[in-house]
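S.K.: my questions are about this predicted structure, shown below with the sequence.
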Amino acid sequence: EPEVTQTPSHQVTQMGQEVILRCVPISNHLYFYWYRQILGQKVEFLVSFYNNEISEKSEIFDDQFSVERPDGSNFTLKIRSTKLEDSAMYFCASSGDRVGEQYFGPGTRLTVT
Amino acid sequence: RKEVEQDPGPFNVPEGATVAFNCTYSNSASQSFFWYRQDCRKEPKLLMSVYSSGNEDGRFTAQLNRASQYISLLIRDSKLSDSATYLCVVTPSSGGSYIPTFGRGTSLIVHP
């Protein structure tokens, strides 16, 4: 069964550093997403990506964040100048035509120290 | 006002029990509704979409009440493996936005 993969599974970084989180969505999916979940809190939408551009983004997704699809398979989230409050689980997801039916990757746990 | 609200639980039930969760949403323009399950420290997994007429998938039944702006999930004959957090997800239809809003989830614990 096709699945979304994410690397690394755990990333530890120092405050102020840049991190890149990587995702490989399901190959025939068209829509890609990033979410974050702070420990004990709800899943929060960050950004959606379609046809090689951002289609929607939330208030959380400010200038500190960027996304890219550098090739036909990878989808990346870059966080510049990380802050302590960026510590969270970051999930990538993808969907086909039915955008609400999303398939999530296993997540990257980001710890900012 | 919270956009998607769920009773956090936990709901603690014996195996074989029937349990129901509700989820209320504030945006009347919401169009699509889903239930996901999330195991501890794992990713959300799609459980089922919720259709206007209600739908069933094995032991799971989902209902939508647009007038009262809530959706429900009924689990019959609970199994130990049903223990998880159940997330209600709502997507709007206004202005072409598809940003999904997740509820905080309802925790279910099924015990022997």
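M.R.: Happy to help now that I have it. Since we're looking at a predicted model, the values are computed, not measured. Numbering: from 1, shown residues only, chains lettered A, B, ... in the order given.
S.K.: who does the residue most central in space within chain A bridge with?
M.R.: In chain A, the C-alpha nearest the mean C-alpha coordinate belongs to A:Trp34, at 3.2 Å (Cα atoms, centre = their mean). Here A:Trp34 sits in beta bridges with A:Val47, A:Cys92, going by DSSP bridges.
S.K.: against A:Phe49, how distant is it?
M.R.: 8 Å (Cβ to Cβ, to the nearest Å). C-beta coordinates here come from the backbone N, C-alpha and C atoms, glycine included.
S.K.: and if you look at A:Tyr31?
M.R.: 7 Å.
S.K.: if we can go back for a sec, touching both of A:Trp34 and A:Phe49, which residues are there?
M.R.: Counting by Cβ atoms under 8 Å, 6 or more residues apart in numbering or on different chains, the contacts common to A:Trp34 and A:Phe49 are A:Val67.
S.K.: on that earlier part again, I figured the residue nearest to the centre of chain A was touching A:Val47, is that so?
M.R.: Yes. With contact defined as Cβ atoms under 8 Å, A:Trp34 counts as touching A:Val47 (5.2 Å).
S.K.: is chain A within reach of stretch B:36-48?
M.R.: Yes. Residues of stretch B:36-48 are located near chain A by Cβ under 8 Å from any Cβ of the partner chain, namely B:38, B:41-46.
S.K.: show me which of these are buried.
M.R.: Buried members of these, scored by 16 or more other Cβ atoms under 10 Å in any protein chain shown, are B:38, B:43-44, B:46.
S.K.: and which of those residues is nearest to A:Phe75?
M.R.: Closest to A:Phe75 out of those is B:Glu43 (15.3 Å), distances taken as Cβ to Cβ.
S.K.: in contact with that closest one, which residues?
M.R.: A:91, A:104-107.
S.K.: now, the residues you listed that are in strands?
M.R.: Judged by DSSP state E, the subset of the contacts of B:Glu43 located in strands is A:91, A:104.
S.K.: pLDDT at the residue nearest to the centre of chain A, what is it?
M.R.: The model reports A:Trp34 with a pLDDT of 98.
S.K.: so which bits of chain B are right by chain A?
M.R.: So chain B meets chain A at B:32-34, B:38, B:41-46, B:49, B:87, B:89, B:91, B:97-105 (Cβ under 8 Å from any Cβ).
S.K.: how does it look with 6 Å?
M.R.: Contacts of chain B with chain A, taken as Cβ under 6 Å from any Cβ of the partner chain, map to B:32, B:34, B:43-44, B:46, B:91, B:98-99, B:102, B:104.
S.K.: what's the closest of those to B:Asn55?
M.R.: B:Phe34 (11.3 Å).
S.K.: the residue nearest to that closest one when sequence neighbours are not counted: which element?
M.R.: Computed as Cβ to Cβ, 6 or more residues apart in numbering or on different chains, the closest residue to B:Phe34 that is not its neighbour in sequence is B:Val89, at 4.3 Å. Using DSSP states H and E, the element containing B:Val89 is strand B:84-92.
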